[in-house]
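> Any chance you can model this:
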Amino acid sequence: MKQSTHPEYREVVFMDVQTGDKFVIGSTITTRETIDLDGKTYPLFKCDVTSKSHPFYTGAQTRIVETGRVEKFRARFARTTGAAKTAG
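Sure thing, here's the model as predicted:
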């Protein structure tokens, strides 16, 4: 490989800001911060969302969708029962 052509590939710590979970992965990302982990110093990249905190992976998104469906049903049911009471 040519020396100045390829970016530096090294181990980097990615930290989920919401949960505080950390994991080490090889990457070419450039960072300004470092962190000491297991006696070694690694570059640190802070992530806003990972699979530990994203609603799709945690299951929170499906609960929101189900709640929306229930509310739609109740609103529709309330309209039909309200109309039947006034007509009778």
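> mind listing the helices for this structure?
Ranges of helices within the chain are 55-58, 60-87, based on DSSP state H.
> Can you flag the weakest of these by average pLDDT?
With a mean of 62, helix 55-58 has the lowest mean pLDDT of the helices of the chain.
> you'd agree Thr50 is up against Val17?
No - Thr50 is beyond contact range of Val17, at 9.1 Å (criterion: CB atoms under 8 Å). C-betas here are computed from N, CA, C, even on glycine.
> Give me the more crowded residue out of the two.
The residue with more neighbours, out of Thr50 and Val17 and counting by other CB atoms under 10 Å, is Thr50; that gives 16 against 12.
> Spatially, what comes nearest to that one if we skip its sequence neighbours?
Asp16 (4.3 Å; CB to CB, 6 or more residues apart in numbering).
> Specify the beta-bridge partners of the one you found.
For Asp16, the beta-bridge partners under DSSP bridges are Cys47.
> That one and Arg74: what is the separation?
Taking CB to CB, to the nearest Å as the measure, Asp16 falls 36 Å from Arg74.
> if you count what's nearby, which of those two comes out ahead?
The residue with more neighbours, out of Asp16 and Arg74, is Asp16; 18 against 10, by other CB under 10 Å.
> how close does that one get to Gly26?
Counting by CB to CB, the gap from Asp16 to Gly26 is 18 Å.
> ditto for Phe45
Phe45 is 12 Å from Gly26, by CB to CB.
> Now do the contacts for Thr31.
Shown in contact with Thr31 (CB atoms under 8 Å, 6 or more residues apart in numbering): Val12, Pro43, Leu44, Phe45.
> for Phe23, same thing?
Applying CB under 8 Å, 6+ apart, the residues near Phe23 are Val13, Phe14.
> I am finished for the moment; much appreciated.
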